[in-house]
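# A predicted structure for the sequence below; I have some questions about it.
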Amino acid sequence: MHSGKKAKLVLKPAPAGTGVVFRRTDVKSGNTAIQADAEYVSDTQLGTTLTNDDGVSVAVVEHLMAALAGMGIDNLLIEIDGPEVPIMDGSSAVYCELLMQAGLQRQSAPRRRIRILEAIEIEDGPKRARLSPSDDKFLTLNARIEYDDSLIGVQEMALKLAPGMFARDLAFARTYGFARDVDMLRSMGLARGGSLENAVVVDNGEVMNPEGLRSEDEFVRHKMLDAVGDMMLAGAPIAGIYEAVQPGHSINNLLVRKLLDTPSAWCWETDTADATRIDTRRSAAV
């Protein structure tokens, strides 16, 4: 998306307790493993970048992380031969399809989740994000966005991250941007691989993509997709309510960091009837 370089991904099974780990196969020295954890988020400009202690990084992880969260995958090794996760069509749909084709299997270890005990909130100008308690074991999301552009206007949506919901209701939603920003982004070394094939581009109230939108509220759905991926960096599924106004990767990361730095706001919860699931039948390559 931003580097304009091709990359190959191979998704491999990992033992219970591993979490999600990226490994840069093109880097030949030092520590090439990067834990998918909020602690290692180094940049949130137009995507989420993870960097390990040796300075090895991987960018634009959020769409893949969202697919893993939506599919209930907790432990996975992701080998990648470049600095950026492939953008695919700008959504999580292709990743969900590949994971379903590869197959998922339960592990013997009980699954752990993060139970929200008290509200945590971050405000940054017009942006706001909050996590609060819920009696449910799934994450409920409520997001609101507002733009001056007449095509988007105000969009708001709420839904629960129950099994099957992500693949059905969020995975298809593509990343988006405005035509007026393209030249500026490219001058900054960003969006070099961006095109109408991997992003929705809006220009003065109109969609430039010939195929149009996949849903009228595709914009807020994509913001919720991003939030699912960013919340996954807490290190475990979250049982609680996520609410956000004008959400983005930066405020999402600040919210997760504040949560993890506030021990009274959460606890570990184990459901012995719901074992962790990973892809163990065969590797999936992209």
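That came through fine.

# the longest helix anywhere in the chain: what's the following helix or strand?
Criterion DSSP state H: the longest helix present in the chain is helix 218-231. Helices and strands here follow DSSP states H and E; after helix 218-231, the next one along the chain is strand 238-245.

# that following strand: what's the following helix or strand?
Past strand 238-245, the next helix or strand by DSSP H and E is helix 249-260.

# next one: that following helix to chain centre, how far?
13 Å (CA atoms, centre = their mean, to the nearest Å).

# for that helix, packing partners?
Contacts defined by 3 or more CB pairs under 8 Å, 6 or more residues apart in numbering; DSSP states H and E place helix 249-260 against strand 120-124, strand 127-132, helix 218-231. Heads up, the C-betas are built off the backbone N, CA and C, glycines and all.

# and the ones you listed, which is most packed in?
Most buried of the helices and strands packed on helix 249-260 by mean neighbour count (mean count of other CB atoms under 10 Å) is helix 218-231; its value is a mean of 26.

# and that helix, what does it pack onto?
Taking 3+ CB pairs under 8 Å, 6+ apart as the contact cut, helix 218-231 packs with helix 62-71, strand 139-146, strand 154-160, helix 165-169, strand 176-178, strand 238-245, helix 249-260.

# that older thread, next, the angle helix 62-71 makes with the longest helix of the chain.
In terms of direction (axes from the mean of the first three to the mean of the last three CA atoms, to 10 degrees), helix 218-231 departs from helix 62-71 by 80 degrees.

# could I have helix 218-231 exported to CSV, CA atoms only?
The C-alpha trace of helix 218-231 is given here as CSV (Å, rounded to 0.1, in the frame of the first residue of the first chain):
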residue,chain,number,x,y,z
GLU,A,218,-18.6,1.0,4.0
PHE,A,219,-16.6,3.9,5.5
VAL,A,220,-17.7,3.4,9.2
ARG,A,221,-17.5,-0.4,8.7
HIS,A,222,-13.9,-0.1,7.7
LYS,A,223,-13.2,2.1,10.8
MET,A,224,-14.7,-0.8,12.9
LEU,A,225,-12.6,-3.3,11.0
ASP,A,226,-9.5,-1.3,11.9
ALA,A,227,-10.5,-1.1,15.5
VAL,A,228,-10.9,-4.9,15.7
GLY,A,229,-7.3,-5.2,14.4
ASP,A,230,-6.0,-2.6,16.8
MET,A,231,-7.8,-4.1,19.8
